[in-house]
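Visitor: Structural data only, the sequence is not supplied:
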Ligand code: ASP
């Protein structure tokens, strides 16, 4: 029998109709033995996510403001779900326990984790699966990083080969027992960690879209779906803003080569996207896999005659970023100049400080600051072996009269990154997409 870990996102479990879809998906394949639920998500555009409400409850408790009214939204949601599903779970007493724990001012991580915890209890009963509290198996170390060794050990102690389990997503516990969550969207992480621990044949991630698309559908009309993508390509695309999966969730799976299949709970017949090992050859349309990007970067360009002959110049420059706790995105260099491309969110209000420190430590001839840059990555494994990919990107942009402010091609030859004005961002993505049709 194959082992499949099946994770369902918040919209896949937003109400009883969605629970029914989940049940029939699980019933359709007996290999789906490990199920990882998110907390209930939005039922419609104006709805709220349970996780957001739980964070709000925790804020109220911290500020000493009564939170009964907001918590009622959580209570109603789970009680309605239980009633609509027609199952016999005493969800009221679980809710009462959560409320008491919140009043004890447990952490915001604890509060947020209860969304998945309560949903897991309902789903396990509805599917007839065993429930495992993730605090018992998903283990973090004292630095707050996942402890794969300990997690695997706990998991093996807990599970029986012949049984089926629901394990809530998003949280685990610290060595002192305190609940800790992953960053937002972290149920994806739980799924991949479990897939790794049981050495699954497949990690299925069920959401509300049929996988990755070649570009953001809010920008490009009807972009083509991506049927297969390697871990590395996915890493590049998600880092640059493509958001379907938590960007770190490939790490536990990468070295063991467990594939991930992104599927749509509302259209289970769609193949979705397969995320596969970097070793497998995949070549896509026009040799690119996808296009993604992010706005709001600042470029700091430092000029100094004979920079190329001065030993340690870049080291000094980078030490300034390091001491100020700023990481940079890119560092294109010329003979006598080097630019630091930094996300505005990283830079915060430290621009003046780093300029002053560069002046003092590096004695440049000039420093130029250009804000409002967007970065766009065109990603594809296949581009290293094919001629003309960059020419298509640049011709596409030139045809639409978009000025390129920066060009960077990673040494892996898996991406070409261009910098354009923030205001050209959407048109640039459309232009590049069009160039590869
Ligand atoms: N419920 C959590 C969140 O909203 C985790 C998840 O859904 O993956 O971020």
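Guide: Structure's in. What do you need? Predicted model, so just to flag it, every value in this text is computed and none were measured. Residues are numbered from 1 along each chain as shown.

Visitor: So, low pLDDT: which residues of this protein?
Guide: 281-286, 410-412 (pLDDT under 70).

Visitor: longest helix of it?
Guide: Longest helix in the chain, counting residues (DSSP state H): helix 108-127.

Visitor: shouldn't residue 317 be in contact with residue 359?
Guide: No. Using CB atoms under 8 Å, residue 317 is not in contact with residue 359, being 11.6 Å away. From N, CA and C alone the C-beta is placed, and that goes for glycine too.

Visitor: who has more neighbours, these two?
Guide: Neighbours were counted for residue 317 and for residue 359 using other CB atoms under 10 Å; residue 317 has more, 23 against 12.

Visitor: excluding its backbone neighbours, what's nearest the more buried one?
Guide: In space, and not counting its chain neighbours, residue 317 is closest to residue 362: 5.9 Å by CB to CB, 6 or more residues apart in numbering.

Visitor: ok, now how distant is that neighbour from residue 319?
Guide: 10 Å (CB to CB, to the nearest Å).

Visitor: neighbour count winner among the two?
Guide: For residue 362 versus residue 319, neighbours defined as other CB under 10 Å are more numerous around residue 362 (19 against 14).

Visitor: Give me the distance between the more buried one and the ligand.
Guide: Relative to the ligand, residue 362 is positioned 42 Å away (criterion: CB to the nearest ligand atom, to the nearest Å).

Visitor: ok, that residue - contacts?
Guide: 302, 304, 313, 316, 317, 320 (CB atoms under 8 Å, 6 or more residues apart in numbering).

Visitor: any idea how far residue 342 is from the residue nearest to residue 317?
Guide: Residue 362 is 16 Å from residue 342, where distance means CB to CB.

Visitor: Find the nearest non-adjacent residue to the residue positioned nearest the centre of the chain, please.
Guide: Nearest to the mean C-alpha position of the chain, by CA atoms, centre = their mean, lies residue 246 at 2.1 Å. Closest residue in space to residue 246, ignoring its immediate chain neighbours: residue 188 at 3.8 Å, by CB to CB, 6+ apart.

Visitor: just checking, next helix/strand downstream of the helix or strand that neighbour falls within?
Guide: Here residue 188 sits within helix 187-197, counting by DSSP states H and E. Next in sequence after helix 187-197, counting helices and strands by DSSP H and E, comes strand 202-207.

Visitor: what does that following strand rub up against?
Guide: 2-9, 11-12, 22, 25, 32, 188, 191-192, 195, 244-245, 253, 258-265.

Visitor: Which ones among these also lie next to the ligand?
Guide: Restricting the contacts of strand 202-207 to those touching the ligand (CB under 6 Å from any ligand atom) yields residue 188.

Visitor: Among the contacts of strand 202-207, which ones are in strands?
Guide: Assigned to strands by DSSP state E, the following of the contacts of strand 202-207 qualify: 4, 5, 6, 7, 8, 32, 260, 261, 262, 263, 264.
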